[in-house]
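> pasting the sequence and the predicted model now:
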Amino acid sequence: MEKYDVIVVGGGMAGSAAAKRCAELGLKVVQLEKAQTPGTKNACGSAITATGTVYAPYVLEGPIEVKVPGSRVYYIQRNGKYCMFETGMGGYGMYTIHRTKFDPWHAQQACNAGSELRTATTIIDIIKEDDRVVGVITDKEEKIYAEVVIDAGGAHSIVARKAGLLGRRAGTDNVLYATAFIQLSKKVVKERFNQLCEWYLTLGGSNYCLNWLFPLKDGVSMGVGGGYMTPGLNIRQQTLEFLNEPIIKEKIKGGKIKSWGIRTDPEKIIEKTYAPGLMITGHAAGFVQPFIGEGMAFALMSGKYAAETAAEAISSGDASEETLVNYETRWKNDPLFKTMRIYGQTLKDYLLKRPQEEIINTMIAASHWYASPVPFMLKDGVKENDMRKLEKAAKLLYRLEALGLPST
């Protein structure tokens, strides 16, 4: 019988952060990833924010594509004309990555710390004894046991579902995105983007979401936010509309689309993120804020907190709910979580009550998330655990007073 201190399910951002931290804390840990190589099944915005580096400073030693010092925001009108503003961040506020390069590197960092990695391994069920999760069953009919299981299996995690913590998410709780990698020469990328991430706001196309082009070394990462998964949503049509905008055609002229992806961002956190022997992290738990595109910082945060809670449980010999509740206490008290979730919900409530024409002005304000010093204010607030700095950053982010949004 195979037995570990911790099983980490998933080879994404949260999973590798958890596995690495577990190994650093001296735990015997195995990380299970369904893909042959971590990152190949990930459809992502491809950017780590400055705030995310607070939880995992080591990521800056990884295969970063472009260090981003600023952004451009385009407002495209119905007739194809547009206006654009460009602004610097006062430093590197974002770091773009190829998940097919970064995720293998990240998983290897966990291995270097002492974790074991198994790829091409899909979880089909969990093992429970006396109502406690004690292991998992793989598609190879392996039974792997552990004192604690950390689930980082993504938005449709089988582990969280089998444990009864993740039910069926309503369409109004999921934002659908289409993503693509468009290959361009290094010279072209430099000339057209100048290391700047670009955001696009359109009327009649993307509902409530920002579309984007992020520069990489050998191309761009494209994203189209379709909106909530409700009747009438047509992500294919919205993607084609975006690609056919004159400014977008010019930006990607001569490029080759090398890969496509579809992803869902769950807007709501699951009611409970722990159970006896189990903790849920990252997208599986709903740790993402679709309206501002922040997911990686939450993934790094939750992976770290789950690992530290697992170490406490194993040290005390108690992986019951009484111990694992400390995981939920950690993330609920985290300054990034308290700030971004509150203001994210405020923005959502505002958006869903307004016509799209009026929403454009709100989204222009929200685009300051990446197009201003706000990321550094958030980073400093998190690092110093200073809620005053965080609240000031959030108010600037959404221009709450100018928009007449309620302060919370």
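Looks like it came in fine. Residues are numbered from 1 along each chain as shown.

> quick check, pLDDT for Gly171.
If you check Gly171, the pLDDT there is 69.

> same check, this time on Ala284
92.

> go on, Ile126?
On the pLDDT scale, Ile126 gets 96.

> how does the chain divide up, domain by domain?
According to automatic domain parsing, the chain comprises the domains 2-57+99-169+268-333, 68-90+172-264, 342-403.

> could those domains go into a markdown table alongside mean neighbour count?
Using the backbone N, CA and C atoms, a C-beta is placed for each residue, glycine as well. Converted to a markdown table, these look like this (neighbours: other Cβ atoms under 10 Å):
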| stretch | mean neighbour count |
| --- | --- |
| domain 2-57+99-169+268-333 | 22 |
| domain 68-90+172-264 | 18 |
| domain 342-403 | 18 |
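
> comparing the ones you listed by mean pLDDT, which bottoms out?
Looking at the domains of the chain, the bottom one is domain 342-403 with a mean of 62.

> nearest the geometric middle of the protein, what residue?
Gly295 (2.2 Å; Cα atoms, centre = their mean).

> can you pull the contacts of it?
By Cβ atoms under 8 Å, 6 or more residues apart in numbering, Gly295 lies in contact with 13, 44-45, 265, 282-283, 287-289.

> how close does it get to Arg263?
Going from Gly295 to Arg263 by Cβ to Cβ, to the nearest Å gives 10 Å.

> picking that back up, in helices, which of the contacts of Gly295 appear?
13, 282-283 (DSSP state H).

> quick one: which of these is nearest Ser157?
His283 (7.9 Å; Cβ to Cβ).

> so what pLDDT did the spatially most distant residue from the centre of the chain get?
For the chain, the largest distance from the centre (Cα atoms, centre = their mean) belongs to Met1, which lies 34.9 Å off. We have a pLDDT of 71 for Met1.

> quick check: it touching Ala146?
No: applying Cβ atoms under 8 Å, one finds Met1 not in contact with Ala146, separated by 11.1 Å.

> what about the helices in the stretch 101-250 of the chain?
For the stretch 101-250 of the chain, the helices defined by DSSP state H, counting those that start in this stretch occupy 158-162, 186-193, 235-243, 246-251.

> right, and the ones you listed - which one's nearest Lys383?
helix 186-193 (29.0 Å).

> against which helices or strands is the closest one packed?
strand 211-216, strand 219-228 (3 or more Cβ pairs under 8 Å, 6 or more residues apart in numbering; DSSP states H and E).

> closest to Val66 out of these?
strand 211-216 (4.9 Å).

> name the surrounding residues that touch that closest one.
45-47, 65-66, 68, 94, 96, 98, 181, 189, 193, 195-202, 205, 220-225, 242, 248, 251-252, 293.

> is it fair to say Asp5 lies in a helix?
No: assigned with DSSP: H, G, I helix; E, B strand; the rest coil, Asp5 falls outside any helix and is strand.

> wait, it touches Ile314, no?
Yes: in this structure Asp5 lies within contact range of Ile314 using Cβ under 8 Å: 5.2 Å.

> anything in contact with each of those two?
27, 147-148.

> let's see which of these end up in strands.
147-148 (DSSP state E).

> make JSON lines from the shared contacts of Asp5 and Ile314 and add distance to Thr138 to it.
JSON lines is the format used below for the shared contacts of Asp5 and Ile314 (distance: Cβ to Cβ, whole Å):
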{"residue": "Leu27", "distance to Thr138": "20"}
{"residue": "Glu147", "distance to Thr138": "18"}
{"residue": "Val148", "distance to Thr138": "18"}
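
> Ile123: which of the shared contacts of Asp5 and Ile314 is nearest?
Once Cβ to Cβ is applied, the member of these that ends up nearest Ile123 is Val148, at 15.1 Å.

> shouldn't that closest one be in contact with Gly277?
Yes: counting by Cβ under 8 Å, Val148 touches Gly277, with 6.0 Å between them.

> now list whatever residues contact both of these two.
Counting by Cβ under 8 Å, 6+ apart, the residues touching both Val148 and Gly277 are 319, 324.

> in the stretch 251-400 of the chain, which spans are strands?
Secondary structure of the stretch 251-400 of the chain by DSSP state E, counting those that start in this stretch: the strands cover 256-266, 274-275, 278-280.

> export those to JSON lines and tack on distance to Gln77?
Formatted as JSON lines, the strands of the stretch 251-400 of the chain follow (distance: least, Cβ to Cβ, whole Å):
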{"stretch": "strand 256-266", "distance to Gln77": "26"}
{"stretch": "strand 274-275", "distance to Gln77": "48"}
{"stretch": "strand 278-280", "distance to Gln77": "43"}
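
> to Leu324, which of those lies closest?
Here strand 274-275 is closest among those (Cβ to Cβ), at 4.3 Å.

> packing partners of the closest one?
helix 321-333.

> summarise which helices and strands the helix it packs on is packed against.
For helix 321-333, the elements it packs on are strand 274-275, strand 278-280, helix 296-316, judged by 3+ Cβ pairs under 8 Å, 6+ apart.

> tilt between the longest one and helix 321-333?
To tie it back to what came earlier, the one meant is helix 296-316. 150 degrees (axes from the mean of the first three to the mean of the last three Cα atoms, to 10 degrees).

> start at 57 instead
With the count now opening at 57, the last piece we talked about shows up as helix 352-372.

> got the CA coordinates for helix 352-372 in CSV?
This file holds the C-alpha atoms of helix 352-372, laid out as CSV (Å, rounded to 0.1, in the frame of the first residue of the first chain):
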residue,chain,number,x,y,z
MET,A,352,-2.9,33.0,-10.2
ALA,A,353,-2.3,35.1,-7.0
PHE,A,354,-5.2,33.3,-5.3
ALA,A,355,-3.9,29.9,-6.5
LEU,A,356,-0.4,30.6,-5.1
MET,A,357,-2.0,31.9,-1.9
SER,A,358,-4.3,28.9,-1.4
GLY,A,359,-1.7,26.3,-2.3
LYS,A,360,0.7,27.8,0.3
TYR,A,361,-1.9,28.0,3.0
ALA,A,362,-3.1,24.4,2.4
ALA,A,363,0.5,23.1,2.6
GLU,A,364,1.1,24.9,5.9
THR,A,365,-2.2,23.7,7.4
ALA,A,366,-1.3,20.1,6.2
ALA,A,367,2.0,20.3,8.1
GLU,A,368,0.2,21.3,11.2
ALA,A,369,-2.2,18.5,10.9
ILE,A,370,0.5,15.9,10.3
SER,A,371,2.6,17.2,13.1
SER,A,372,-0.3,17.0,15.6
